[in-house]
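>>> return atomic coordinates for the entry below.
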Amino acid sequence: MPARTSPTSRLDWFLMLSIIALLTYVNGGSVAAKVFNDNTKGEVPNRAADAQTRRYLREPNWLTTGNDGDNFEERAIDVKLPMTAKLQNLVNSPTLKSLATSIKHRLTSNNQIATDKLFARLNVGAAESKLFESAPYQQWVQSVTTAYKNTPGMGEAAMFSTLTTHYGDEVLAKLLVKKNEVLAKLLVEAQQISKTRSIAEQFQALQIDNWIAKDQKADDIYALLKLSVADDALLKNPLMNTWIYVTRLGKEDPYDLLLLKLKTRYDEAELAHMLIAAKADNSAESVAKKVEQAQLKNWLTGGKTEDDAFNLLRLSIDDGYEILKNPALSTWNSYVKMRKHNPDELLFLKLKRQFSDYEIAKVIVAATRDTKVTINLGGLEKMQLDSWVKLDKTADDIFNVLKLNKEGDKLFESPVLSYWVAFVMKGDKENADELMYSVMKKYYGDDMLEKLFARVKGSASTKRLASKLEQEMWMSHGKTEDDIFNYLKLGEKGDGIFKDPALTEQTQRKPDEFAVISALEKHFDYVDLARKLGYAEHQAKMKGDTVEIVTSLQNLQFKQWMTEKGLDPNRVGKLLIKSPRDTRNNRVLLDFYDFYRANGGQVKLHLRNM
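Below is the predicted model of the structure:
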């Protein structure tokens with residue numbers, strides 16, 4: 001007669017099974033896998049202990065094996081766990097842990113032995129660096145997965161245990177990290193990538209869970225992965241990301257910890273420059289930036305001033321132009337902003353104490369054209385222009401400060417000419433052309449300016465400025481709009497006239513705002529001019545060209561129609577219908593209707609016979 005098990009014995013057995021369920025990866029999967037997959041959402045647990053309390057119990061299936069150890073036999077034991085909450089509290093008991101480990105070993109040792117034997121028989125470990133791509137590995141995984149098909153979590157744990165025993169934590173971690181890197185680069189079939197990446201990530205999660213279960217600290221894992229500040233390539237070591245991730249699962253900031261470790265090898269200045277160099281390396285950039293932020297916060301806490309940081313970074317105003325190319329300047333800018341100050345203002349004051357306004361302007365202009373300069377120089381330029389405005393400097397004053405009065409026939413080739421133009425535009429944008437022309441005329445005279453304008457209009461960089469100043473010169477000589485129109489030979493350009501920048505300048509002339517329209521109407525009938533403008537605007541939009549010139553002219557003509565000709569959409573419609581087959585009519589009428597309504601006109605549009 002079989003022996004009967006007492007209720008107490010059954011309860012003890014139930015408790016032991018329940019504890020094992022809490023301590024192993026069964027059906028619910030590993031918590032690290034869940035955290036790992038959720039990491040992209042920014043959800044990181046605060047304590048390693050969370051990992052244990054997050055294991056959810058479902059209806060676990062336990063495996064037993066035959067005596068031979070190679071043949072897996074499934075025996076399902078369906079156990080409901082109503083006391084889960086209490087059992088979780090029991091997990092921390094050393095006695096129960098020890099007992100549970102012993103029982104777990106008896107239940108699963110044959111399975112693990114079979115997994116280990118198959119690993120050895122297939123010679124899986126011979127693959128080493130290309131472990132996950134190897135045929136023996138794939139065969140081993142398939143066999144173990146099949147054997148554990150009803151308890152995949154235990155199968156993963158068994159394979160992980162075998163791999164850890166064979167390679168050790170550090171080598172296995174490298175293999176797992178390397179696998180994920182290689183998969184991202186290899187052009188292999190998506191199905192294969194998905195399959196092998198998933199396995200690598202699952203094992204990586206199991207390894208992290210294993211560290212958490214052992215309550216290993218950040219320093220322990222740092223040592224286990226054989227990371228070292230003595231390694232010049234530490235920040236781009238793939239295992240660094242693994243260490244950072246695991247460290248973030250606890251309370252400690254990995255970048256603060258890494259900063260402390262690096263400071264055992266480098267002094268503040270050396271470390272700052274090492275991080276600056278590392279930021280230029282794509283594989284180390286992300287980590288280097290965050291460690292640098294940790295260092296800057298450390299400086300802030302330590303009360304370092306902007307000047308202290310300037311000196312620590314070995315920046316020197318004596319370098320002149322070179323300081324703007326120094327990558328350390330970007331780090332200094334970040335620290336100044338961290339102290340709630342304006343780095344452009346402080347740097348300008350430093351430059352001002354060392355160099356003349358002319359020298360500073362030359363440095364800024366040269367730096368804006370240098371691809372090696374990575375900082376934004378707009379703020380520094382604004383500081384200098386604003387300083388001149390505050391001192392009530394005139395366009396004439398700055399023309400002399402920048403030594404443009406001594407450039408001769410090289411005036412338009414001077415790199416600081418654009419700087420002067422920016423200053424004039426800042427002071428009086430409405431009359432800037434007139435002001436610039438008057439200053440240039442004072443030093444060069446009309447004869448020389450006329451020669452300069454003619455010569456530099458062929459250059460893309462100076463054509464627009466030269467055209468504007470040339471027209472200003474003609475206007476100052478009392479030339480009419482018709483004179484300028486003919487001088488620029490706009491009448492000979494046909495429909496191409498609407499692409500000429502010179503025409504834009506004409507639309508901005510005062511006091512007669514419609515003068516350019518009047519000049520155009522001497523070459524085109526005013527209704528036909530409207531058709532040409534509408535068609536030119538449509539073509540420009542179709543080709544992706546700028547429509548600024550054409551739109552400006554069209555609006556100017558429509559304004560003239562409303563204010564001087566007294567036209568409304570119905571009257572325009574009657575004018576257009578005189579050429580009923582012209583397909584451009586509708587565009588003109590609709591454009592004018594929109595303009596008319598937008599500018600206060602009210603009319604009911606009749607489209608019959610259009």
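
>>> what's residue 235 in contact with, if anything?
Applying Cβ atoms under 8 Å, 6 or more residues apart in numbering to residue 235 gives the contacts 278, 281, 284, 287, 288, 291. The way it works is simple: take the backbone N, C-alpha and C, and place the C-beta from them, glycine included.

>>> swap in 7 Å and give it another go.
Neighbouring residues of residue 235 by Cβ atoms under 7 Å, 6 or more residues apart in numbering: 278, 284, 287, 288.

>>> could you list the domains of this protein?
What automatic domain parsing lists as the domains of the chain is 13-215, 217-281, 479-610.

>>> mean confidence for the longest one?
It stands for domain 13-215. Average pLDDT, domain 13-215: 53.

>>> which of the contacts of residue 235 scores worst on pLDDT?
Lowest pLDDT of these: residue 284, 88.

>>> separation between it and residue 515?
Per Cβ to Cβ, to the nearest Å, residue 284 is found 63 Å from residue 515.

>>> which stretches of the stretch 251-400 of the chain form helices?
254-262, 268-279, 285-301, 306-312, 321-325, 328-338, 343-354, 357-368, 378-390, 395-401 (DSSP state H, counting those that start in this stretch).

>>> and the shortest one, which residues are buried?
Taking 16 or more other Cβ atoms under 10 Å as the basis for neighbour counts, the residues of helix 321-325 that come out buried are 323, 324, 325.

>>> ok, now the longest one?
Of the residues in helix 285-301, 286, 287, 288, 290, 291, 292, 294, 295, 296, 297, 299 count as buried by neighbour count, 16+ other Cβ under 10 Å.

>>> now the second one
If you call a residue buried by 16+ other Cβ under 10 Å, then helix 268-279 has these buried ones: 268, 271, 272, 273, 274, 275, 276, 278, 279.

>>> show the pLDDT at the first one.
Listed pLDDT for residue 268 reads 92.

>>> near the residue lying closest to it once chain neighbours are set aside, how many other residues are there?
The shortest distance from residue 268 to any non-neighbouring residue, by Cβ to Cβ, 6 or more residues apart in numbering, is to residue 312 (5.5 Å). Around residue 312 there are 22 other residues, counting by other Cβ atoms under 10 Å.

>>> quick check: the gap between the residue nearest to residue 578 when sequence neighbours are not counted and residue 552.
Nearest residue to residue 578, sequence neighbours excluded (Cβ to Cβ, 6+ apart): residue 527, at 7.9 Å. Taking Cβ to Cβ as the criterion, residue 527 is separated from residue 552 by 19 Å.

>>> check residue 299 too.
53 Å.

>>> with residue 114 instead?
Residue 114 is 83 Å from residue 552, by Cβ to Cβ.

>>> more neighbours: which of the two?
For residue 114 and residue 552, the more surrounded residue by other Cβ under 10 Å is residue 114, and the numbers stand at 21 against 16.

>>> show me what secondary structure element comes after the helix or strand the more buried one falls within.
Applying DSSP states H and E as the criterion places residue 114 in helix 94-121. Toward the C-terminal end, the helix or strand that comes next after helix 94-121 (DSSP H and E) is helix 135-147.

>>> name the residues of that following helix that are buried.
Neighbour counts over helix 135-147 (16+ other Cβ under 10 Å) mark 136, 137, 138, 140, 141, 143, 144, 147 as buried.

>>> just the closest of those to residue 366, please.
Checking the buried residues of helix 135-147 against residue 366 by Cβ to Cβ gives residue 137 as the nearest, at 58.4 Å.

>>> surely that closest one touches residue 124?
Yes - with contact defined as Cβ atoms under 7 Å, residue 137 reaches residue 124; the gap is 5.1 Å.

>>> residues shared between the contacts of the two?
Here residue 137 and residue 124 share no contacting residue, scored by Cβ under 7 Å, 6+ apart.

>>> could you pull out the strands in this protein for me?
Applying DSSP state E to the chain gives strands spanning 63-65, 72-74.

>>> list the contacts of residue 259.
Counted by Cβ under 7 Å, 6+ apart, residue 259 has contacts 291, 294, 295, 298.

>>> circling back to that earlier point, okay if I get the buried residues of helix 321-325 as TSV plus pLDDT?
Output for the buried residues of helix 321-325, formatted as TSV (pLDDT from 0 to 100):
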residue	pLDDT
323	89
324	90
325	88
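
>>> export those to TSV and append columns for distance to residue 401.
Formatted as TSV, these follow (distance: Cβ to Cβ, whole Å):
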residue	distance to residue 401
323	22
324	20
325	25
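
>>> residue 421: which of these is nearest?
Out of these, the member with the shortest distance to residue 421 (by Cβ to Cβ) is residue 324, at 21.5 Å.

>>> measure the residue nearest to the closest one when sequence neighbours are not counted to residue 413 for me?
Of all residues not flanking residue 324 in the chain, residue 367 sits nearest, at 4.2 Å (Cβ to Cβ, 6+ apart). From residue 367 across to residue 413, the span is 19 Å (Cβ to Cβ).

>>> which one of the two is surrounded by more residues?
Counted by other Cβ under 10 Å, residue 367 and residue 413 do not tie: residue 367 has more neighbours, with 19 against 12.

>>> give the contact list for the more buried one.
321, 324, 373, 377.

>>> show me what contacts the third one?
By Cβ under 7 Å, 6+ apart, residue 373 lies in contact with 324, 325, 367.

>>> can you put these in JSON lines and add distance to residue 565?
Formatted as JSON lines, the contacts of residue 373 follow (distance: Cβ to Cβ, whole Å):
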{"residue": "324", "distance to residue 565": "57"}
{"residue": "325", "distance to residue 565": "60"}
{"residue": "367", "distance to residue 565": "53"}
